[in-house]
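Q: Prediction below, plus the sequence it came from.
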There are 2 protein chains.
Amino acid sequence: MEKAMRRTQLLCLLMMGLMSFKASAQNQAHKAPRTLRITNAQRNEAEIRDLYDQRAKVFRVHDLDGIMALYAPGDAVIAYDLIPPLEYVGHDSYRKDYKAFLDEFDGPIDIQYRDLRIIAGNDVAFIHALERMSGKMKDGNKFDIWCRASSGLRKINGKWLIMDDHISVPADFNTGKALMDLKP
Amino acid sequence: MEKAMRRTQLLCLLMMGLMSFKASAQNQAHKAPRTLRITNAQRNEAEIRDLYDQRAKVFRVHDLDGIMALYAPGDAVIAYDLIPPLEYVGHDSYRKDYKAFLDEFDGPIDIQYRDLRIIAGNDVAFIHALERMSGKMKDGNKFDIWCRASSGLRKINGKWLIMDDHISVPADFNTGKALMDLKP
């Protein structure tokens, strides 16, 4: 009997030990996101940086599909562009705007970012940068302009996509001119 | 002996039950953020909406301190404004820009947002809207302009603060004019 009791006690201790280990493992799992969050932030920032490198790459070669693949689908994307109207709502509308822009150029369009800042959470991020666009236009003129670019992004099914774009130059309120020759 | 063994078994069962209850409670706690996340998103969106209501309110009465309290401190804030230069870096620089703008007006400045969209994660968010600014200027002219506004925000010590602003009107590339009379 003594032996049987000791066996039961031993079994109990073993089970309690196992449950305690499980509880401890759950605690660990509960704490893990803190460490993970730093890694995620770094990974998210790197993924978004890649997206903008990719944007410059596809822009350069007039790859309209490649450009549009960086944006959220359907009506989720809203853009405030350099040119009117005030806003472009939806993928199709913004695609037409991009196409008209690309069609003005003869050969590669160079995109250069300066002071690109990426602020990324787990699934929402925003970026802004001074952006230089340059290239040879079909009318023979040289296009070379520094503008301001900012965007909001969302991670959708594990992939960062641009939800909104805002690209502009400042205005001179005395002359009414758009200031297209400013340099940082 | 039989009685002692049964007592030990009962004690074991009780302790295992308690531990199982604790483990289950930990599981609950582990699962809670899913439900919380929805509430947090809604709360974050509401907090940011309040911030923009507050912005319109302090803008109206030329409350420069009230305006600047909505922005991240120090050099964290970067702004691309309607007017040059290309960018304003830091609180002091942007404050001077705001002051010069407010000083042009005689009396209240009205801010109206249209199609305000707020995309908020846990601690990073972005917003954009068409923004109408109107008021009477000191030179006697009426100021009434629709522009595009977008911002990135971060939750710092439990409070949403604006990290970057981008305000602009589109440009007409044929005439070189800034388009200040567009309406949505």
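A: Here it is on my side, so go on.

Q: contacting residues for A:A72?
A: Applying Cβ atoms under 8 Å, 6 or more residues apart in numbering or on different chains to A:A72 gives the contacts A:91, A:154, A:156, A:161-163. No exception for glycine: its C-beta is placed from N, CA and C like everyone else's.

Q: Of these, keep whichever come out buried.
A: Buried members of the contacts of A:A72, scored by 16 or more other Cβ atoms under 10 Å in any protein chain shown, are A:91, A:154, A:161-163.

Q: Most widely separated two among those?
A: For the buried ones among the contacts of A:A72, the maximum inter-member distance is 14.5 Å, found between A:H91 and A:R154 (Cβ to Cβ).

Q: can you pull the contacts of the nearest residue to A:N40 once chain neighbours are set aside?
A: The spatially closest residue to A:N40, leaving aside those adjacent along the chain, is A:N122, at 6.3 Å (Cβ to Cβ, 6 or more residues apart in numbering or on different chains). With contacts defined as Cβ under 8 Å, 6+ apart, A:N122 is in contact with A:37, A:40, A:44, A:155, B:121-122.

Q: Put the buried members of those residues into a PyMOL selection.
A: The PyMOL selection below is limited to those of those classed as buried (16+ other Cβ under 10 Å):
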select buried, (chain A and resi 44+155) or (chain B and resi 121+122)
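
Q: does the nearest residue to A:H62 once chain neighbours are set aside count as helix, strand or coil?
A: Sequence neighbours aside, A:L102 is the residue nearest to A:H62 in space, at 4.7 Å (criterion: Cβ to Cβ, 6+ apart). The three-state label given to A:L102 by DSSP: H, G, I helix; E, B strand; the rest coil is helix.

Q: Number of residues surrounding A:L102?
A: A count of nearby residues for A:L102, using other Cβ atoms under 10 Å in any protein chain shown, gives 16.

Q: check contacts around it.
A: With contact taken as Cβ under 8 Å, 6+ apart, A:L102 is in contact with A:62, A:64, A:109.

Q: who wins for most neighbours among those residues?
A: Looking at these with neighbours defined as other Cβ under 10 Å, the largest count falls to A:I109 at 20 neighbours.

Q: Secondary structure element holding it?
A: strand A:105-120 (DSSP states H and E).

Q: CA atoms only for that strand, dumped as PDB, please.
A: What follows is strand A:105-120, C-alpha atoms only, in PDB (Å, rounded to 0.1, in the frame of the first residue of the first chain):
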ATOM      1  CA  PHE A 105       8.800  59.800 -72.000                       C
ATOM      2  CA  ASP A 106      11.200  58.600 -74.600                       C
ATOM      3  CA  GLY A 107      13.400  56.000 -72.900                       C
ATOM      4  CA  PRO A 108      14.200  55.400 -69.200                       C
ATOM      5  CA  ILE A 109      12.800  57.400 -66.400                       C
ATOM      6  CA  ASP A 110      15.100  57.700 -63.400                       C
ATOM      7  CA  ILE A 111      13.700  57.800 -59.900                       C
ATOM      8  CA  GLN A 112      15.900  58.900 -57.000                       C
ATOM      9  CA  TYR A 113      14.700  59.000 -53.300                       C
ATOM     10  CA  ARG A 114      16.300  61.300 -50.800                       C
ATOM     11  CA  ASP A 115      15.700  61.200 -47.000                       C
ATOM     12  CA  LEU A 116      13.300  58.300 -47.400                       C
ATOM     13  CA  ARG A 117      11.700  57.700 -44.000                       C
ATOM     14  CA  ILE A 118       9.800  54.500 -43.400                       C
ATOM     15  CA  ILE A 119       7.600  54.200 -40.300                       C
ATOM     16  CA  ALA A 120       6.200  50.700 -40.100                       C
END
